[in-house]
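Colleague: model the following, please.
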Amino acid sequence: MVKRLTLPGRVLRIAAAAATLVLAHAAPAASVGTHDEHKKVLVLYSTRRDVQFSIVGEAELPRMLDAGLDRNLDYYPEFIDLTRFPDPAYKLAFRDFLRQKYRSVELDLVVAMQDSAVELVEAYRDTLFPGVPEVFLANSPPPRRAPGSTGLIHVRDFASTVTLIRQLQPDVSRVFIITGAAAADRKYEAAVRL
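Modeller: Residues are numbered from 1 along each chain as shown. Now for the predicted structure:
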């Protein structure tokens with residue numbers, strides 16, 4: 001199931017609820033009686049740690065997941081940061097880092113936050129996280145949705161944002177869009193110009 005959303009304020013809550021539901025339904029039958037078992041959740045952020053999306057995600061997501069799992073959560077966040085490290089060799093090194101770091105951790109769920117993380121999980125899921133369910137939050141639909149995955153598509157609607165600005169402040173005559181020089185920033189700039 002893929003649900004399209006346009007209200008960014010609710011996105012993290014819905015992602016946490018989806019992750020909690022996946023964990024509840026993905027529990028092996030043998031562990032149903034073991035209430036003490038902590039669920040191990042890896043969250044892969046596309047951004048770096050100090051970006052607002054990651055800051056809000058790290059403030060809210062572990063708390064919401066832990067509450068939904070009756071305080072039985074082992075939470076592992078990782079930050080890909082392809083904006084500062086766009087070299088394809090970095091992506092391979094990051095994959096190898098994840099393989100080494102989590103080789104002896106039996107994950108219950110992988111949460112991929114935004115497009116770069118979704119792409120990384122899709123490309124290497126069979127070797128990094130075989131059989132582990134995935135919840136994703138993306139800005140665009142993945143080319144194919146892997147079995148055992150569910151997600152939310154958070155559509156960025158820049159035209160509606162400008163329309164809202166005009167409704168709230170009709171005297172505004174100019175809107176300035178400030179972007180960076182990274183590949184992701186150029187994508188956003190192109191989308192805003194449409």
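
Colleague: what's the helix or strand for A184?
Modeller: Here A184, judged by DSSP states H and E, is contained in helix 183-193.

Colleague: remind me what that helix packs against, helices and strands.
Modeller: Counting contacts by 3 or more C-beta pairs under 8 Å, 6 or more residues apart in numbering; DSSP states H and E, helix 183-193 is packed against no other helix or strand. Glycine gets a C-beta too; all of them are placed from N, C-alpha and C.

Colleague: what does that helix contact?
Modeller: 82-83, 86, 116, 156, 158, 177, 179 (C-beta atoms under 8 Å, 6 or more residues apart in numbering).

Colleague: pull out the buried residues from that helix.
Modeller: 184, 188 (16 or more other C-beta atoms under 10 Å).

Colleague: and that helix, how far from the chain's centre?
Modeller: 20 Å (C-alpha atoms, centre = their mean, to the nearest Å).

Colleague: with stretch 136-150 instead?
Modeller: With C-alpha atoms, centre = their mean as the basis, stretch 136-150 stands 10 Å off its chain's centre.

Colleague: near D171, how many other residues are there?
Modeller: Residues contacting D171 under the criterion other C-beta atoms under 10 Å number 5.

Colleague: still on that earlier bit, greatest separation within the contacts of helix 183-193: which pair is it?
Modeller: P86 and F158 (23.4 Å; C-beta to C-beta).
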